[in-house]
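Student: Structure of the sequence below:
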Amino acid sequence: MALTIFILQLAVYILAFPIYLLNFLGLWNRICKIWFPRFLERFTVMYNEQMASKKRELFSNLQEFVGSSGKLSLLEVGCGTGANFKYYPPGCRVTCIDPNPNFEKFLIKSVAENRHVQFERFVVAAGENMHQVADGSADAVVCTLVLCSVENQEQILQEVRRVLRPGGAFYFMEHVAAERSTWNYFWQQVLHPVWYLVFDGCTLTRETWKALERANFSKLKMQHLQAPLSWELLRPHIYGYAVK
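Tutor: Modelled structure (predicted):
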């Protein structure tokens, strides 16, 4: 099986040679940072349509974590184009973090379309180092389709716990590795190296639920599901929330 995967990966490498050449020349990362937000703007429309019921379910109890200020203080890590804004409760104060500054203009558009939320600021930073956000300042942290592409899952989850107030909640919805005995997992392994490069660090084979189980939250409510998505490779999902 390993040999078959290697041979198929080699074939994919050959087909994707122009991208690897651009990467070797140091040009691909710059190109990817520009085109990926445009791709994600379109992808998230499809994703929200197909995952709308699950997102509404996921965020249905956000109001339970309102702090002493009386307004929900929410930090979204890897905010992208602001695709989650429509699911947030009215009046919540939203701070967004993303390492790609090219998302800002798409984010501003989402803010204009979702006047029920109070947008605070956009911070250009990686989730593994959110030093611009104070300790214990967030009632809730949201992270959707992000843990697949961060460099260090353990470190970002430590940062999430740091910025959450005691009793605050971390909400997540992530695509993950398929069961190892399935054809889906086979193709995830075959396509992973090229997928990682094309989609700005997205990893198809991460078992993200293990990192969440190790993160020392006081409470973890997590479900596995086969998401009703058009893209078979992305159907294995986890979603839920964890309480600090």
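Student: Give the other helices and strands that the longest helix along the chain contacts.
Tutor: The longest helix of the chain (DSSP state H) is helix 28-58. Packing partners of helix 28-58 (3 or more C-beta pairs under 8 Å, 6 or more residues apart in numbering; DSSP states H and E): helix 17-24, helix 104-113, strand 164-175, strand 236-243. In short, each C-beta sits where N, CA and C put it, glycine included.
Student: cutoff 6 Å now
Tutor: For helix 28-58, there is no helix or strand it packs on, judged by 3 or more C-beta pairs under 6 Å, 6 or more residues apart in numbering; DSSP states H and E.
Student: Could you list the paired strands of the helix or strand just after that helix along with their orientation?
Tutor: Using DSSP states H and E, the helix or strand that follows helix 28-58 in sequence is strand 73-77. With DSSP bridges as the test, strand 73-77 is paired with strand 93-98 (parallel), strand 138-144 (parallel).
Student: Pull the number of nearby residues for residue 201.
Tutor: Per other C-beta atoms under 10 Å, the neighbour tally for residue 201 reads 16.
Student: between the longest helix of the chain and helix 104-113, how many degrees?
Tutor: Taking axes from the mean of the first three to the mean of the last three C-alpha atoms, to 10 degrees, one finds helix 28-58 and helix 104-113 inclined to each other by 20 degrees.
Student: What average pLDDT does helix 28-58 get?
Tutor: Average pLDDT, helix 28-58: 92.
Student: go on, stretch 10-20?
Tutor: Rounded mean pLDDT across stretch 10-20 is 89.
Student: Residue 130 against residue 158, yeah?
Tutor: No - Residue 130 is beyond contact range of residue 158, at 10.3 Å (criterion: C-beta atoms under 6 Å).
Student: which one of the two has more residues nearby?
Tutor: More crowded of residue 130 and residue 158, by other C-beta under 10 Å: residue 130, with 21 against 13.
Student: residues touching that one, list them.
Tutor: Counting by C-beta atoms under 6 Å, 6 or more residues apart in numbering, residue 130 makes contact with residue 159.
Student: so where does residue 184 fall, helix or strand?
Tutor: helix 183-198.
Student: That helix packs against which elements?
Tutor: With 3+ C-beta pairs under 6 Å, 6+ apart as the test, helix 183-198 has helix 2-15 packed against it.
Student: Show me what the helix it packs on is packed up against.
Tutor: Checking 3+ C-beta pairs under 6 Å, 6+ apart, helix 2-15 ends up next to helix 183-198.
Student: Mind listing what's buried along the longest helix of the chain?
Tutor: In terms of neighbour count (16 or more other C-beta atoms under 10 Å), helix 28-58 has its buried residues at 28, 32, 36-37, 40-41, 43-44, 47, 51, 54-55, 58.
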